[in-house]
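Enquirer: Based on what follows, work out the 3D shape:
(one chain, ligands or ions: 2)
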Amino acid sequence: MEAFAEIAPQPRVYIETYGCQMNVADSQTVRAVMRQAGFRSTEQAEDADVILLNTCAIREHAEERVLKRLSELAGLKRRRPEVRLGLLGCMAQHNRASIVEKAPWLDLVAGPDSYRRLPELIGRAGFDSAVDVALDRAETYADIAPEHQEGVRAYVTAMRGCDKFCAFCVVPYVRGRERSVPADAVIREVTALAARGVKEVVLLGQTVNAYRFGEIDFGGLIRMVAAVGGIERIRFTSPHPGDMSESVIEAMATEPKVQPYLHLPVQSGSNRILAAMDRGYTVEHYLDLVSRLRKTIPGLALSTDIIVGFHGEEESDFDSTLALMKAVRYDSAFSFKYSLRAHTRAFKLGDTVNEVEKGRRIAEVIALQEQISAERNRALVGAKFEVLVEGPARRGNGMLSGKTPQFKTAIFPVRPEIAAGDTIAVRVESATGHSLTCSLPL
Ligand code: 5AD
Ligand code: SF4
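Expert: Residues are numbered from 1 along each chain as shown. Ligands and ions are numbered 1, 2, ... in the order given. A predicted model of the protein is given here:
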């Protein structure tokens, strides 16, 4: 605490999070580290003594957003030079020293394996920009209890890093080697969450189903989590198709707490492009996996990630992606224009699809998926689902919202006897591609 006495008697930290759920979970770990060092959290950057941006490097657009935010914060730094400004996460790791050149008003830069040392870095930051981007093959933060936000659902890190090295992806370089959180630490965290009233846990990892701790594989971990009393629903994200082992499929099929929804990134529907991406599967493997999953897990909903315009993607490759989407008929899909990333293997190959063409392709993917999502959801009109109630619907007007087992958003009327955390039966009355409007059958 002495190190910060010069900052303020009760210093306050403000954290802004960009990117994926892993970053959301990491920010909770950072909050815990900072609290242990004597910092209180604030929701206002203006009130803070320390401002931390936990950043994403997956696409150029993500980095541009952060650079814009950093230049805004330069203004705040001019008004209050005593504020310490830090860049955390994947972009910190990706850009290392160059980021301090671009934003010299940054006080510290810390990669995803350096959060334990943050208080020390902040202490040093008054003198010079402190940079700590050492990746650590062993760091899992297993002994640090993250500060979870209130809510019926909580995200629990099971795995960090990635060893897949897909040709387009920066994650293995910025998050380092794959490592699993010890199973007892995962269970300790899930048990603490259950005691606080959390009903649903989402196990997280860049390739979460590659989990292995000693003899315990991901199927084993799922069963251990399922044994925790009070936890009613289990989900996980994101699995890699290549690690979708029999053990995981069986745990999903036989453990009633595991919800019938899977985000299974495919990236492309062309074997040529999948090989160039080094994804480790063919379209045929992937479709076979989908049909095994659907056969084994009744009512399974599927979503995916698709990249358009990867190096060498011809019109015929793109048509194969549309064909795969039509064959699988995903419940939803996230699509991205290929973004060249430094350090990756595909970087030196360059871009072969121009921005306009990428724009046309992504628009086609989005339009096709919207049509499929709407058709799939409309087919549910009249069906009943068990919904875990989360709270008021985003658009308000006297409605509540929650998720079906398939992770679809259900909207239904407020009732005095219904509270967040309850599981209730609803009947679908109408649907769009994005949500189900439901009634409450008596
Ligand atoms: N360009 C575009 N999309 C990417 N993704 C990962 N790297 C890139 C990139 N360089 C997408 C993939 C991944 C998701 C999280 O982000 O679809 O599954
Ligand atoms: Fe990136 Fe591939 Fe690892 Fe996913 S599996 S994080 S796309 S390298």
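Enquirer: How about the residues of the stretch 101-250 of the chain by ligand 1?
Expert: The stretch 101-250 of the chain has residues 168, 169 near ligand 1, with proximity defined as CB under 6 Å from any ligand atom. Just so you know, the C-beta spots here come from the backbone N, C-alpha and C atoms, and that holds for glycine as well.
Enquirer: Can you show me the helices along the stretch 101-250 of the chain?
Expert: 118-124, 171-175, 183-195, 218-226, 246-254 (DSSP state H, counting those that start in this stretch).
Enquirer: can you list those helices in CSV and add distance to residue 64?
Expert: Output for these, formatted as CSV (distance: least, CB to CB, whole Å):
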stretch, distance to residue 64
helix 118-124, 25
helix 171-175, 17
helix 183-195, 34
helix 218-226, 35
helix 246-254, 37
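Enquirer: Tabulate those helices (a markdown table), appending mean pLDDT.
Expert: Listed next are the helices of the stretch 101-250 of the chain as a markdown table, based on pLDDT from 0 to 100:
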| stretch | mean pLDDT |
| --- | --- |
| helix 118-124 | 89 |
| helix 171-175 | 96 |
| helix 183-195 | 97 |
| helix 218-226 | 98 |
| helix 246-254 | 97 |
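Enquirer: mind giving me JSON lines with those and columns for mean neighbour count and distance to residue 433?
Expert: JSON lines is the format used below for the helices of the stretch 101-250 of the chain (neighbours: other CB atoms under 10 Å; distance: least, CB to CB, whole Å):
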{"stretch": "helix 118-124", "mean neighbour count": "20", "distance to residue 433": "41"}
{"stretch": "helix 171-175", "mean neighbour count": "22", "distance to residue 433": "29"}
{"stretch": "helix 183-195", "mean neighbour count": "18", "distance to residue 433": "32"}
{"stretch": "helix 218-226", "mean neighbour count": "22", "distance to residue 433": "30"}
{"stretch": "helix 246-254", "mean neighbour count": "18", "distance to residue 433": "25"}
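Enquirer: between those, which one is nearest to ligand 2?
Expert: The stretch from those with the least distance to ligand 2 (CB to the nearest ligand atom) is helix 171-175; that distance is 3.6 Å.
Enquirer: Packing partners of the closest one?
Expert: With contacts defined as 3 or more CB pairs under 8 Å, 6 or more residues apart in numbering; DSSP states H and E, helix 171-175 has these neighbours: helix 90-102.
Enquirer: Output the below-cut-off pLDDT ranges for the stretch 251-400 of the chain.
Expert: Residue ranges of the stretch 251-400 of the chain with pLDDT under 70: 396.
Enquirer: same thing but 80
Expert: 395-397 (pLDDT under 80).
Enquirer: how about the residues of it that lie near ligand 1?
Expert: Within the stretch 251-400 of the chain, the positions near ligand 1 by CB under 6 Å from any ligand atom are 265, 267, 305, 307, 336, 338, 339, 341.
Enquirer: Which members of these are classed as buried?
Expert: Neighbour-count burial (16 or more other CB atoms under 10 Å) applied to these gives 265, 267, 307, 336, 338, 339, 341.
Enquirer: Let's have the residues you listed in a markdown table, adding distance to residue 31 and secondary structure.
Expert: Converted to a markdown table, those look like this (distance: CB to CB, whole Å; DSSP: H, G, I helix; E, B strand; the rest coil):
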| residue | distance to residue 31 | secondary structure |
| --- | --- | --- |
| 265 | 29 | coil |
| 267 | 33 | strand |
| 307 | 33 | strand |
| 336 | 29 | strand |
| 338 | 34 | coil |
| 339 | 30 | coil |
| 341 | 29 | coil |
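Enquirer: and residue 57, that one's in a helix?
Expert: No. Counting by DSSP: H, G, I helix; E, B strand; the rest coil, residue 57 is not part of a helix but coil.
Enquirer: That one: neighbouring residues, count only.
Expert: Neighbour count of residue 57, defined by other CB atoms under 10 Å: 26.
Enquirer: I'd like to know how far it sits from residue 394.
Expert: Residue 57 sits 29 Å away from residue 394, going by CB to CB, to the nearest Å.
Enquirer: What's the nearest residue in the stretch 201-350 of the chain when you look at ligand 2?
Expert: Counting by CB to the nearest ligand atom, the stretch 201-350 of the chain gets nearest ligand 2 through residue 206, at 4.1 Å.
Enquirer: Spit out the contact partners of that residue.
Expert: Counting by CB atoms under 8 Å, 6 or more residues apart in numbering, residue 206 makes contact with 22, 159, 160, 161, 162, 171, 175, 178, 238.
Enquirer: Likewise for residue 202?
Expert: Contacts of residue 202 were listed using CB under 8 Å, 6+ apart, and they are 21, 153, 154, 155, 156, 234, 235, 236, 237.
Enquirer: 7 Å instead, please
Expert: By CB atoms under 7 Å, 6 or more residues apart in numbering, the contact list for residue 202 reads 153, 155, 235, 236, 237.
Enquirer: Let me have the residues you listed in a markdown table, extended by neighbour count and pLDDT.
Expert: Converted to a markdown table, these look like this (neighbours: other CB atoms under 10 Å; pLDDT from 0 to 100):
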| residue | neighbour count | pLDDT |
| --- | --- | --- |
| 153 | 19 | 97 |
| 155 | 22 | 97 |
| 235 | 21 | 98 |
| 236 | 27 | 98 |
| 237 | 22 | 97 |
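Enquirer: Show me these that map onto strands.
Expert: Mapping these onto strands (DSSP state E) picks out 153, 155, 235, 236, 237.
Enquirer: returning to that earlier point: between the buried ones among the residues of the stretch 251-400 of the chain next to ligand 1, which is closest to residue 71?
Expert: Proximity of those to residue 71 was ranked by CB to CB; the top entry is residue 339 with 21.1 Å.
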